[in-house]
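*Asks:* Provided below for reference: sequence and predicted model.
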Amino acid sequence: MRRNLITVLCLISIFTFSNLFAQHSSFHSCVTPHWLSDIGLQKKVWAEQYAKVLTEDEDTSTLYVDVVFHVVWHSEEERIAEAQIRQQLEDLNKAFNEVSENDIREIFHSRVAIPKIKFRLAPIDPEGNPTSGVTYTQTDIEQFLPHDLFDMDIFALIELIGSLGDLSGDGLTEFLLVLLNPFAGTDDIKKTDEGGIDPWDTERYMNIWVGDVAIDGLIWQMFGQVGDVLGYAKPPADAPYFSAIDTSGVFESLIDGIVLNYKVCGANNPSMPSIFAGKADEGKTLAHEVGHYLGLPHIWGLDGCDSDDLFEDTPTANGASPFDCEVGKNSCSNDADDHPDMIENYMDYSSDACKQMFTKEQVGMMRTMLKNSRSGLLQGEMVVGIEDELAATSSFNVYPNPSNGMIWLQNINNFSLPFATMKVYNLIGQQVLEQTIEGEKEVVDLSGLEKGTYLVQVLKENQWSSERIVLY
């Protein structure tokens, strides 16, 4: 039972407290992780599994994943605009498809790899209807917080304790799991009955909930751990690292998907408070959480130089970086090569300005998890260029959107529409319509097209812009 209790505290600390952005230090209750008492054996088993993966899978093609963003909002500030969602998607795709070695120390150049996974807003919902890939749900919940034991109805508390049985054995572990589990409350954002919104089919879509998520309450105040939760994700059930430590079912209890605080949704976020400036302001929190979603642990493991993330190409670290860019930091000297901390890694907690890379073994893990544990997410490839234009910022408005066929085009951002050429493409890149625009604002009839998602492109001289339109 003692080991299970330690496991509960470990799970909570590695996945929640380190995701807090508060004016307090991180919580370090799990300094002696019993599950890693034989780290050599753990690494040997994983090394053998990883070698087999590399031998059997030499595919380096780009993988495509459909994403749905569920924006759950109480105040207007939380109602993130679709343009900001697209900015976040652009930031995510940049992290998973581009790398600049100029921003990475030379000592790590040989370890860098590009995941080659592209994420795109889902064009079709679970019922087969066209969609923008973004849902909006207004809620009465001001902030999604852990359930506070001291705010519980006394009869509900008695019922809870009674349901756990003998509190002197495993029942005590379960009780503490309920008491200290921050997901029991924050995960309500994923439930329609609790003020959030139910997920789309988690086998087919990567669900991302965007809202106001935080840690607060008397218990958490006692630990000095209150503040915004930037995000968290549910890892695959069979991810080697997490399956080894989740003996109490913390991760298993989560609804599959990712939760992202609206304050850090995309770069140049107008809702971002000043305290995040220079720390979590470039939209890279989501790249970190997608890493968890595809099986990656933090690069420091569970804290301490004797802990590990089981990857050979990430140096050991004594703990998380405190949202800084300390280039000279070398918190552990027990590596074979005694490399400095890899603050450039997306799975650290360095500032967004530092996060630039995944390693080869991390990329191998993510692609393996995606092709096996999460293979239902994989989609066919769009015609080259279409997915990039869908994510681009438009210089004209299309409304209403979605539409039943009759739409208005209106220029913005000093883009002149008169005498421009409008072309409409389907998602496989076929041009289905072309006409000349006569005025600064003009109605266009698309009622002759089938229901679905299209790309409207406007060209004039050496300028062009595009916008997604959904017809129903």
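*Replies:* Yes, it's here.
*Asks:* What ranges in the stretch 201-350 of the chain fall below the confidence cut-off?
*Replies:* 216-226, 243-253, 303 (pLDDT under 70).
*Asks:* what ranges do the helices span in it?
*Replies:* For the stretch 201-350 of the chain, the helices defined by DSSP state H, counting those that start in this stretch occupy 218-222, 240-245, 285-293.
*Asks:* Repeat that for the stretch 351-472 of the chain.
*Replies:* 360-371, 386-391.
*Asks:* report the angle between the axes of the longest one and helix 285-293?
*Replies:* With axes from the mean of the first three to the mean of the last three Cα atoms, to 10 degrees applied, the angle from helix 360-371 to helix 285-293 works out at 70 degrees.
*Asks:* and helix 360-371, which residues are buried?
*Replies:* Buried residues in helix 360-371, counted by 16 or more other Cβ atoms under 10 Å: 360-370. For every residue, glycine as well, the C-beta is placed using N, CA and C.
*Asks:* How about residues contacting it?
*Replies:* With contact meaning Cβ atoms under 8 Å, 6 or more residues apart in numbering, helix 360-371 is reached by 50, 53-54, 57, 59, 63, 65, 111-117, 236, 239, 291, 294-296, 311-314, 345, 347, 358, 377-378.
*Asks:* Taking those, please make a PyMOL selection of just the buried ones.
*Replies:* Here is the PyMOL command that picks out the buried ones among the contacts of helix 360-371, judged by 16+ other Cβ under 10 Å:
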select buried, resi 50+63+65+111+112+113+114+115+117+236+239+291+294+295+296+311+312+313+314+345+347+358+377
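*Asks:* Restricted to strands, list the contacts of helix 360-371.
*Replies:* 63, 65, 112-113, 117, 358, 378 (DSSP state E).
*Asks:* Most widely separated two among the residues you listed?
*Replies:* V112 and L378 (24.3 Å; Cβ to Cβ).
*Asks:* Might you report the residue contacts of I343?
*Replies:* Going by Cβ under 8 Å, 6+ apart, the list of residues near I343 reads 321, 325-327, 329, 350, 354.
*Asks:* Just put these in a markdown table and tack on distance to V210 and neighbour count.
*Replies:* Output for these, formatted as a markdown table (distance: Cβ to Cβ, whole Å; neighbours: other Cβ atoms under 10 Å):
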| residue | distance to V210 | neighbour count |
| --- | --- | --- |
| S321 | 25 | 22 |
| C325 | 26 | 16 |
| E326 | 30 | 15 |
| V327 | 32 | 12 |
| K329 | 32 | 16 |
| S350 | 23 | 27 |
| C354 | 24 | 24 |
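*Asks:* Using CSV, lay out the residues you listed together with distance to N207.
*Replies:* Shown next, in CSV, are the contacts of I343 (distance: Cβ to Cβ, whole Å):
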residue, distance to N207
S321, 29
C325, 32
E326, 35
V327, 36
K329, 35
S350, 27
C354, 28
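*Asks:* closest to Y454 among these?
*Replies:* Distances from Y454 to those, taken by Cβ to Cβ, are shortest for C354, at 39.4 Å.
*Asks:* what are the phi and psi angles of the closest one?
*Replies:* phi -90, psi -30 (degrees, to the nearest 10).
*Asks:* how about the closest residue to it other than its chain neighbours, what does it touch?
*Replies:* Nearest residue to C354, sequence neighbours excluded (Cβ to Cβ, 6 or more residues apart in numbering): C325, at 4.3 Å. Counting by Cβ under 8 Å, 6+ apart, C325 touches 343, 350-351, 353-354.
*Asks:* Looking at these, spot the one nearest P402.
*Replies:* A353 (37.6 Å).
*Asks:* How much space separates the closest one from H288?
*Replies:* 14 Å (Cβ to Cβ, to the nearest Å).
*Asks:* Look at the two and report which has more neighbours.
*Replies:* H288 (25 against 14; other Cβ atoms under 10 Å).
*Asks:* need the contact list for the more buried one.
*Replies:* So H288 contacts 231, 346-347, 355 (Cβ under 8 Å, 6+ apart).
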